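Engineer: Take this sequence and fold it.
(one chain, ligands or ions: 1)
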Amino acid sequence: MTLRYALLALLTAQPMTGYDLAKAFHVSVGHVWHAPDSQIYPELKRMAADGVVEVESVTRGPSSTKLRYSITPAGSAAFSDWMAEPFEYPLERDPAHLRAAYFEWADPVAARAVLTKHIDHYSTLRAQWQGQLDAIRDRSHPTLRRRLETDQAHPAEAIVAFKEFTYEGFVERADHEIAWARRGLELVDRFAPAGVA
Ligand code: VNL
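Structural biologist: Numbering: from 1, shown residues only. Okay, here's the model as predicted:
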C-alpha cells in the first residue's frame, strides 16, 4: 500500500502517462521506496478504480493513444492523511552483518570479500543518493523543477529542504556502512593467522 503513496507523491508534481510515471519513479522517489514496474502498473489501475487518480486518453503521435493519470482531490486528501497513519519498520535482515557476527568461522579471504562487497554496495548507493541530493540542491531534477512550478500550496524552500534532508540521511548512512566495513577489514586482519592471504 505504501507504493500507492509514493506514486501519488509523484503525481502531486504533474499528471503523467503510466510509462512516464514509471520512468520518473525510478529516478526519484524510487530511490526511497523501491518497486518494480510489475507492481507500479497494477497499482495505478487500482488507484484509478479507487478514485485517487483520474485517467484520460491522450494522443501520442498520429496513431497512438496513452492513458494519462492525474491526482484527484480525493487523492491529494488521501496523500496528506497517509502522513499521519501509523507505520511499522521491516524487521532487520542484513546479509553482511549476519555473516560478520560469525566471522570467526570464515576463511579470512571470504570474510574480506563480504566486507568488500558491502563497501561496493554502499559506494554505488552513495553515488546515486549524492546524485539525487545534488540535483535537488541545485533544483535541476526534472520532477522537482516541475513541482516547484506547479505547487502553489507549499513554500519552495520547504519543498527543497525536506528532499535534501531525506538524501542527506541516506548519504550519512552510506558513509557509516562503508566506515563499518573498513573497520571490519582491520578486524579480520587482526585475527587472521599469520601468513594467510
Ligand atoms: C522528487 C525528486 C523526489 C527527486 C525524490 O525523492 C527525488 C520529487 C523522494 O520532487 O518528488 O529523488
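
Engineer: Spell out the secondary structure type for W33.
Structural biologist: Using DSSP: H, G, I helix; E, B strand; the rest coil, the structure places W33 in coil.

Engineer: switch to numbering from 28
Structural biologist: Got it, the first residue is 28 from now on, which makes the last one we talked about W60.

Engineer: The residue nearest to it when sequence neighbours are not counted: neighbouring residues, count only.
Structural biologist: Distance criterion CB to CB, 6 or more residues apart in numbering; nearest residue to W60, sequence neighbours excluded, is A33 at 4.4 Å. Bear in mind the C-beta positions are built from the backbone N, C-alpha and C, glycine included. A count of nearby residues for A33, using other CB atoms under 10 Å, gives 18.

Engineer: And the host helix or strand of A33, how far out from the chain middle?
Structural biologist: Following DSSP states H and E, one finds A33 within helix 29-38. Distance, stretch centre to chain centre, for helix 29-38: 12 Å (CA atoms, centre = their mean, to the nearest Å).

Engineer: Only the buried residues of it, if you could.
Structural biologist: In terms of neighbour count (16 or more other CB atoms under 10 Å), helix 29-38 has its buried residues at 30-38.

Engineer: other SSEs contacting that helix?
Structural biologist: Judged by 3 or more CB pairs under 8 Å, 6 or more residues apart in numbering; DSSP states H and E, helix 29-38 is in contact with helix 45-53, helix 64-76, strand 91-98, helix 100-109.

Engineer: from the ones you listed, which stretch is densest packed?
Structural biologist: helix 45-53 (a mean of 17; mean count of other CB atoms under 10 Å).

Engineer: Fine by me, thanks again.
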